[in-house]
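Student: Need the 3D shape of this:
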Amino acid sequence: MTGNIQEKKYGPMTRLRTTGLFDQSKYQQINKMNKEVESLPFAELGFRITSPYGYRTDPITGQINVFHSGIDLVKAHQAPLEAFVGGTVLYAADGVSGTGVGGYGKVVVIQDKNSCAHIYAHLDSVAVRKGQRVSQGDIIGRQGATGNRVTGSHLHYEVRKKSSPALGWIDDPIARTHDPTKYLEEYYATDNDTKSETVYVVKPGDTLTKIANKFNTSVDALAKLNGISQRNLILIGQRIKLPENSTSRKETLYLPRTISRWRVYPLNKAPIKGNEKGILNPRKFGGLQYEVLGKPQAHVVTIQTRDFGKVNIYVHPSTGAVIA
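Tutor: Purely as a prediction, here's the structure:
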């Protein structure tokens, strides 16, 4: 993750202003979608939606009521793009005819835990390989303008209901796809990829020795439990089972005193605007600190508060929060 650096470089999301290109209702729809993007965990990456999911006027032919199978997201050309969900890379190359992504340009396809296919299309370059396991937030490529029917540099993001055959392709775009924004909101709300206290997901820089030290266990125990024969070969995104009695080093969340409003969320709801259980005020107390009790998803941690009980809180590096 690039956090503050990305935010400063590419800037925050901006509202689209009305011009003569579309009617007012279209702009209202796009601005509504951009508000929804702002409530999702990838909002801080600087995206804005330029074309929503569903029926639209084709930007190339001008034909009305043409169904758009994904959403078009824009930030800077060649800006790094991160996986919105974890999973296995099914495809990472030029989209050629017969693959299910023909004409999509350079494309990455990731299969999630529900066997849905997440399509990242028109990339300038790819940064992953087929078969690789990626976590939410991993860099998978850079924004570009490759492929057919491209009006400029952008990310076409599509969620298909199936990942096989042909990467979930069928000719009917409505039948083959989910609304990406709604799908992600539900996915994040129910995601338990990292909730298990007996599983650790390998991160960049990890070794089996580091993981063993972190969880007060031994390399031998981890290797035996996970059937690892080559102890110097573990992959980013690999799930490492941990002994039941292993305990990790305690981490502390520090909320800076410069912030007066910090939303916290119920454990059973997505950590997005509108679902908050309450507001913390670090400024009032000269900063706040809490023991990290869990990490249910990327950039979200569980803490115990005095006023709201056990809650989740969004702590991407761009927020100023520090975990140590």
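Student: so how far is Ala92 from Lys106?
Tutor: Per C-beta to C-beta, to the nearest Å, Lys106 is found 9 Å from Ala92. For the C-beta atoms, the positions are set from N, CA and C on the backbone; glycine is no exception.
Student: Neighbours of Pro282, how many?
Tutor: 20 (other C-beta atoms under 10 Å).
Student: list residues touching both of Lys106 and Ala92?
Tutor: Residues touching both Lys106 and Ala92 by C-beta atoms under 8 Å, 6 or more residues apart in numbering: Val126, Gly141.
Student: Just give me the residue right at the centre of this protein.
Tutor: Phe84 (2.3 Å; C-alpha atoms, centre = their mean).
Student: if I pick that one, what's in contact with it?
Tutor: Phe42, His118, Gln136, Tyr157, Leu184.
Student: chain center to the strand or helix carrying Asn213, what's the gap?
Tutor: For Asn213, the host element (DSSP states H and E) is helix 208-214. Averaging C-alpha positions (C-alpha atoms, centre = their mean, to the nearest Å) puts helix 208-214 26 Å from its chain's average.
Student: Who are the packing partners of whichever helix or strand comes after that helix?
Tutor: Using DSSP H and E, the helix or strand that follows helix 208-214 in sequence is helix 219-226. If you count contacts as 3 or more C-beta pairs under 8 Å, 6 or more residues apart in numbering; DSSP states H and E, helix 219-226 packs onto helix 208-214, strand 239-241.
Student: To Asp179, which of these lies closest?
Tutor: strand 239-241 (28.8 Å; C-beta to C-beta).
Student: Just the buried residues of the closest one, please?
Tutor: For strand 239-241, burial by neighbour count (16 or more other C-beta atoms under 10 Å) applies to Ile240.
Student: ok, back up a step: which secondary structure elements does the helix holding Asn213 sit against?
Tutor: helix 219-226.
Student: okay, the helix it packs on in PDB with CA atoms only?
Tutor: The C-alpha trace of helix 219-226 is given here as PDB (Å, rounded to 0.1, in the frame of the first residue of the first chain):
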ATOM      1  CA  VAL A 219       9.600 -23.400  12.300                       C
ATOM      2  CA  ASP A 220       9.400 -27.100  12.700                       C
ATOM      3  CA  ALA A 221       5.800 -26.800  14.000                       C
ATOM      4  CA  LEU A 222       4.700 -24.600  11.200                       C
ATOM      5  CA  ALA A 223       6.400 -26.800   8.500                       C
ATOM      6  CA  LYS A 224       4.700 -29.900   9.900                       C
ATOM      7  CA  LEU A 225       1.300 -28.400  10.300                       C
ATOM      8  CA  ASN A 226       1.300 -26.900   6.800                       C
END
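Student: Quick check: mean pLDDT of it?
Tutor: In this model, helix 219-226 has an average pLDDT of 88.
Student: likewise stretch 203-211?
Tutor: Mean predicted lDDT for stretch 203-211 stands at 84.
Student: Next: stretch 122-142.
Tutor: 92.
Student: Look up phi and psi at Lys295.
Tutor: Main-chain dihedrals, Lys295, degrees, to the nearest 10: phi -130, psi 80.
Student: For it, which non-adjacent residue is spatially closest?
Tutor: Val301 (5.3 Å; C-beta to C-beta, 6 or more residues apart in numbering).
Student: so who does that neighbour touch?
Tutor: Val301 neighbours (C-beta under 8 Å, 6+ apart): Leu253, Val292, Leu293, Gly294, Lys295, Asn312, Ile313, Val315, Ile323.
Student: And the residues you listed, which of them are buried?
Tutor: Buried among the contacts of Val301 (16+ other C-beta under 10 Å): Leu253, Val292, Leu293, Lys295, Asn312, Ile313, Val315.
Student: Now intersect these with the strands, please.
Tutor: Within the buried ones among the contacts of Val301, residues falling in strands by DSSP state E are Leu253, Lys295, Asn312, Ile313.
Student: is the third one in a bridge, and if so with what?
Tutor: Yep, that's Asn312 we're talking about. Asn312 forms beta bridges with Tyr265, Thr302, as assigned by DSSP bridges.
Student: And it, how far from Leu267?
Tutor: For Asn312, the distance to Leu267 - C-beta to C-beta - is 6 Å.
Student: who touches both of the two?
Tutor: Common neighbours of Asn312 and Leu267 (C-beta under 8 Å, 6+ apart) are Pro296, Thr302.
Student: Need the worst-confidence member of the ones in strands among the buried ones among the contacts of Val301.
Tutor: Ranking those by pLDDT, Lys295 lands last with 81.
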